[in-house]
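Visitor: sequence below, structure please.
(2 chains)
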Amino acid sequence: MKFEFTAVNLEKIERILPKYPDKKAAVMPVLYIAQEQNGWISGEAVVAVAALLEMRPEEVLGVVTFYTMYHKKPAGKYHIQVCTNVSCMLRGGYDIFNQVRAKLGLENGEVTDDGRFSLEEVECMGSCGTAPMIAVNEDYYENLTEEQVDKILESLQRS
Amino acid sequence: MEKIVLPEINNLHLIDVYIENGGYTAAKKALVQKKDDIIDQVKKSGLRGRGGAAFLTGLKWSFMPKSDDKPKYLCVNGDESEPGSFKDRQIFEFNPHQLIEGTLITCYAIGARTAYIYIRGEYHKWINLMQKALDDAYEKGFVGAKMKEKFSTDFSCEIYIHKGAGAYICGEESSLMNSIEGKRGYPRVKPPFPAQNGLWGNPTTINNVETIANIPAIINKGWEWYSRIGEPKHPGTILFGVSGHVNKPGVYELPSGTLLTDIIYNYAGGIPGNKKILCVIPGGSSMPPLRGDQLEGVKMDAESLKAAGSSIGTGGIMVMDEDTDLLRVLARISKFYFHESCGQCTPCREGTGWMYKILQRLISGQGSTADLDLLISVANNIEGNTVCALGEAAAWPVKFTVERFRDYFETRVNSQTSLPTANKVHSMRNTAFPLSDIIR
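Guide: Reported below is the predicted structural model:
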């Protein structure tokens, strides 16, 4: 599928470039814009970003694959991230992870058939003092109980 | 006790409230002084970096070359990815202008005209809060070209936020610079050090968010005042993040040298159900753990923790009660470092995976006490053999947990299995271990 930056996004990129003395340095923020527009970083998006920043596509792909927050395949509309690192683990992080798995019928890294939900077990999100937590796309939900997780998922399922 | 970094003032995150409370006066004061005098004050204050290494901040600044033939940069490290650390987000949320003001003063002192605040990508909310504060500071003329008029000076600098994308290793300073340059976040070989050869080959200083947030107070109230807070060799307040099995987890700003037990029992409200403590990691998950019976009298500052056999790290205190399955905790820590190893150095790339596999085998009941020695051996062969400190970060928790809880692990392993060595070799046939390492 062809990928082209929208005019609005090209404008956004124009505003990012002057932050760095070198075009290439804008690759991370530009990839975020591509991901926001496309939902994930496709091969075509990599090529478009490379052309825009005068980089080789391989270089851009190297960046994409290094960082976990760039989706290498389509994520769900609601990307559920559950932290199971130590501080969350000590306060029930794995219980929450298993609860979300069961509720959505997903294993780690999977997307529901309707494309609405995806699940990812993530490393420490910096919510150690408010553990356990999940993140839905960009939003943190902290100090969770099982009931609250149910409520969050149900409200997303209804929406 | 006075709080320096997170004072209890309502709405301090708003620029007007910050100004009403004396905000940006330290920058005004600093920008008319000689650069070397600023560095000297910070040196004398004794301020040490809050990102893990506790290096003397003023000394670090003094490594920057004095000549102006190349552009200089400041990177403010807000990658905050060490498990157990969640303090910088408090600064982004509750006192962002103090961070901006500290950044201005630091830029001036080291001669940088550009600063990048690197914030981990998951912190969308805090990036937005920080950006809002930065926009307000620009609008009021505290940052950027308008500074010259505002502060009646020749100096101006730009501050940008660079958003990370989920790589723990980018908290390592050279990796962070590669990330800003738009590269994979591989750590660089040192020397050359960043002060000589940093961002785009130019002189660069990298400081932690909390470190920078301390600067305005040092300028305004003086280095003598600052150096008298807490432990003389590691003065100031520290943001301690307490997590795990405590009644009131959270961030507590306290003078350095506060007793660990005081933090756990008084500030963080003790252990739920009044259980005993099995283990405490005092400085984020990469630091050596302390046994429950090693906590008495331990003070929270760099020197005291070193003497106690651990390290201050990021001040992230992880508490585990007596019912914790330490084997699973250690395996989870190992999984983290295995996942986050950038893959550049063989000992770390392979060794972290081996340690995780061995720990998985112990959990599944297929291991033996010889595996405990094997873990220590693998850890020892990672430590010191890598480009960056992720090697130590991965090796230390394994090595020190196994050593300090040897009896715990032996009991645990023996009660599960009495597999003869032959079986062990069999169970390892599909792994990457050379068999010669196992059959001695």
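Visitor: verify the stated contact: A:M89 with B:L326.
Guide: No - under the contact definition of C-beta atoms under 8 Å, A:M89 does not touch B:L326, with a separation of 11.7 Å. Placement of C-beta: from N, CA and C, glycine included.
Visitor: same drill for those two, tell me which one is more crowded.
Guide: A:M89 (23 against 17; other C-beta atoms under 10 Å in any protein chain shown).
Visitor: so the closest residue to the more buried one other than its chain neighbours, which state does it fall into?
Guide: Leaving aside its chain neighbours, A:M89 sits nearest to B:R332 (5.7 Å; criterion: C-beta to C-beta, 6 or more residues apart in numbering or on different chains). Per DSSP: H, G, I helix; E, B strand; the rest coil, the secondary structure class of B:R332 is helix.
Visitor: check B:V189 too.
Guide: B:V189 is classified as coil under three-state DSSP.
Visitor: tell me the contacts of the residue most central in space within chain A?
Guide: What sits nearest the mean C-alpha location of chain A, by C-alpha atoms, centre = their mean, is A:M69, with 4.8 Å. By C-beta atoms under 8 Å, 6 or more residues apart in numbering or on different chains, A:M69 lies in contact with B:121-122, B:164-166.
Visitor: what does A:V47 give?
Guide: A:3, A:57.
Visitor: what about residue 53, how many neighbours?
Guide: The chain I'm using is chain A. 20.
Visitor: the chain in question should be chain B.
Guide: B:A53: 15 neighbours (other C-beta under 10 Å).
Visitor: any residues of the stretch 51-200 of chain B in contact with chain A? List them.
Guide: B:71, B:80-86, B:88-89, B:120-125, B:158, B:160, B:162-168, B:179-185, B:200 (C-beta under 8 Å from any C-beta of the partner chain).
Visitor: drop anything exposed from those residues.
Guide: Buried members of these, counted by 16 or more other C-beta atoms under 10 Å in any protein chain shown: B:71, B:80-86, B:88-89, B:120-124, B:158, B:160, B:162-168, B:179-185, B:200.
Visitor: output the lowest mean pLDDT helix or strand found in chain B.
Guide: helix B:421-427 (a mean of 40; mean pLDDT, DSSP states H and E).
Visitor: re the thing from before, if you look at the buried ones among the residues of the stretch 51-200 of chain B next to chain A, which of them are in strands?
Guide: B:158, B:160, B:162-163 (DSSP state E).
Visitor: in CSV: the contacts of A:M69, plus pLDDT and distance to B:D371.
Guide: Formatted as CSV, those follow (pLDDT from 0 to 100; distance: C-beta to C-beta, whole Å):
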residue, pLDDT, distance to B:D371
B:G121, 98, 36
B:E122, 98, 34
B:G164, 98, 36
B:A165, 98, 36
B:G166, 96, 32
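Visitor: which of those residues sit farthest apart?
Guide: Greatest spacing in those, by C-beta to C-beta: B:E122 and B:A165 (9.1 Å).
Visitor: please name the nearest non-neighbouring residue to B:A109.
Guide: B:A109 sits nearest to B:I38 (C-beta to C-beta, 6+ apart), 4.1 Å away.
Visitor: my guess is that neighbour is in a strand, correct?
Guide: No - read with three-state DSSP, B:I38 is helix and lies in no strand.
Visitor: which helix or which strand is home to the closest residue to A:E44 other than its chain neighbours?
Guide: Nearest-residue entry for A:E44: A:F3, 3.9 Å, with adjacent residues in sequence omitted and distances by C-beta to C-beta, 6+ apart. Here A:F3, judged by DSSP states H and E, is contained in no helix and no strand.
Visitor: verify the stated contact: A:F3 with A:A34.
Guide: Yes - under the criterion of C-beta under 8 Å, A:F3 makes contact with A:A34 at 7.3 Å.
Visitor: where do the contact lists of those two overlap?
Guide: A:45, A:48.
Visitor: can you give me the strands for the chain?
Guide: The chain I'm using is chain A. Going by DSSP E, chain A shows strands at A:78-83, A:117-122, A:134-136, A:139-141.
Visitor: please go with chain B instead
Guide: Going by DSSP E, chain B shows strands at B:73-78, B:114-119, B:158-163, B:204-208, B:237-244, B:250-255, B:277-281, B:290-291, B:316-321.
Visitor: with mean pLDDT added, can I get those strands in TSV?
Guide: Listed next are the strands of chain B as TSV, based on pLDDT from 0 to 100:
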stretch	mean pLDDT
strand B:73-78	98
strand B:114-119	98
strand B:158-163	98
strand B:204-208	98
strand B:237-244	98
strand B:250-255	98
strand B:277-281	97
strand B:290-291	96
strand B:316-321	98
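Visitor: right, and those strands - which one's nearest B:R404?
Guide: Judging the strands of chain B by C-beta to C-beta, what sits closest to B:R404 is strand B:290-291, at 5.5 Å.
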